[in-house]
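1. Next come a sequence and a model predicted from it.
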Amino acid sequence: MPLAHEHVVEKNVPDAFTATSLERWLTTRSIRQLVICGVVTNNSVESTVRSGGNLGFEVIVPADAAYTFDQNDLTGRHWSAEDIHAISLSNLAMDYATIVETGQILNLI
């Protein structure tokens, strides 16, 4: 549960920037660096990271603070969650985010 002083953004699509006030809220507070983690690496995490990167934010994704699920592709081939997670993070690392481990972030505090 969020703490009383924490800002909560309600989202209704995978991308936390779409149809929300998140970009304005961050910009008003001069926040330019984001750490994005969460559920379904190849959906909500990836779409939010892509938007954040496209909007000019410096985005960091701790690889061990996101996860996804096994799924079948359109041909019926089964893909493990581990493979989907790895490919999704690789896609993000190309143009949208820096991929790290949580420990690397915590060591900076």
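-> That came in fine, so what should we check first?
2. What lies in contact with the strand ranked longest in the chain?
-> Among the segments of the chain that qualify as a strand by DSSP state E, the longest is strand 58-62. If you take C-beta atoms under 8 Å, 6 or more residues apart in numbering as the criterion, strand 58-62 is touched by 32-37, 45, 49, 52-53, 89, 92, 96-102, 104-105. To be clear about C-beta, it is placed using only N, CA and C from the backbone, and glycine gets the same treatment.
3. Report the helix or strand with the lowest average pLDDT across the chain.
-> For the chain, counting by mean pLDDT, DSSP states H and E, helix 102-106 ranks last in confidence among helices and strands (a mean of 93).
4. Next, the buried residues of stretch 82-102.
-> Of the residues in stretch 82-102, those scored as buried under the neighbour-count criterion (16 or more other C-beta atoms under 10 Å) are 84-85, 88-89, 91-92, 96-97, 99-100.
5. if we can go back for a sec, please compute how far the longest strand of the chain lies from its chain's middle.
-> 7 Å (C-alpha atoms, centre = their mean, to the nearest Å).
6. Stretch 102-109 too?
-> Per C-alpha atoms, centre = their mean, the centroid offset for stretch 102-109 relative to its chain is 17 Å.
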